[in-house]
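[1] Sequence first, predicted coordinates after that:
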Amino acid sequence: MARKQRFREEEDAAVDMTPMLDIVFIMLIFFIVTTSFVKEAGIEVNKPKAAQAQKTKNANIFIAIRENGEIWMDKRQVDVERVSANLKSLMAEQPTDVVIIQADKGAKHGVVVQVMDQIKATGDNLKISIAGDQ
């Protein structure tokens, strides 16, 4: 009789880990789903200083223009004519209303204007922001 009672006490002392694991997995899924990913241009640009610079929220798409006129989007170099097509594919992945241009302070004005024209050619009423160092 003493054996049966001791066996029941050991059986009742077991801790069920299933609810805790369920909560951990649900939290993991929540954090993965709510994380926003930023598509950087992929290169470092020497931006000019700006006195009236403002931080922009929810900007997911960056276009970098180097001093020699190279245009970078999503960590790869693109031609000026392909900016609009690449922008449309990025917009399909991550919709946003702001595109940030990171132009080097030695970049030619004409290349920046061509990139801005390509952004406006997407027809999505995008806001264009020029990045500068604060």
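    Received it, and whenever you're ready, just let me know what you need. What you are looking at is a predicted structure, and each value in this text was computed from that prediction instead of being measured. Numbers count the residues shown, from 1 in each chain.

[2] Show me which positions of the helix or strand harbouring residue 101 end up buried.
    Per DSSP states H and E: residue 101 is located in strand 98-103. Residues of strand 98-103 classed as buried by neighbour count (16 or more other Cβ atoms under 10 Å): 99, 100, 101, 102, 103. The way it works is simple: take the backbone N, C-alpha and C, and place the C-beta from them, glycine included.

[3] For the third one, list each beta-bridge partner.
    Residue 101 has these beta-bridge partners by DSSP bridges: residue 63, residue 130.

[4] Can you give me every residue that contacts it?
    62, 63, 64, 65, 112, 115, 116, 119, 128, 129, 130, 131 (Cβ atoms under 8 Å, 6 or more residues apart in numbering).

[5] hang on, isn't the last one packed against residue 105?
    No: assessed by Cβ atoms under 8 Å, residue 131 is found out of contact with residue 105, at 11.2 Å.

[6] if we can go back for a sec, just the CA coordinates of the strand holding residue 101, formatted as PDB?
    The C-alpha trace of strand 98-103 is given here as PDB (Å, rounded to 0.1, in the frame of the first residue of the first chain):
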ATOM      1  CA  VAL A  98       8.700  57.500 -49.300                       C
ATOM      2  CA  VAL A  99      11.800  56.800 -51.400                       C
ATOM      3  CA  ILE A 100      15.100  58.200 -50.000                       C
ATOM      4  CA  ILE A 101      17.900  59.200 -52.300                       C
ATOM      5  CA  GLN A 102      21.300  59.100 -50.800                       C
ATOM      6  CA  ALA A 103      23.400  61.100 -53.200                       C
END
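
[7] Ranking helices and strands of this protein by mean pLDDT, which lands last?
    When the helices and strands of the chain are scored by mean pLDDT, DSSP states H and E, helix 2-12 comes last with a mean of 59.

[8] Show the subsequent helix or strand relative to that helix.
    Immediately after helix 2-12, counting by DSSP H and E, sits helix 18-34.

[9] one step back: put together JSON lines for the contacts of residue 101, with distance to residue 31 on each row.
    Formatted as JSON lines, those follow (distance: Cβ to Cβ, whole Å):
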{"residue": "62", "distance to residue 31": "24"}
{"residue": "63", "distance to residue 31": "29"}
{"residue": "64", "distance to residue 31": "29"}
{"residue": "65", "distance to residue 31": "35"}
{"residue": "112", "distance to residue 31": "38"}
{"residue": "115", "distance to residue 31": "35"}
{"residue": "116", "distance to residue 31": "36"}
{"residue": "119", "distance to residue 31": "32"}
{"residue": "128", "distance to residue 31": "32"}
{"residue": "129", "distance to residue 31": "28"}
{"residue": "130", "distance to residue 31": "33"}
{"residue": "131", "distance to residue 31": "28"}
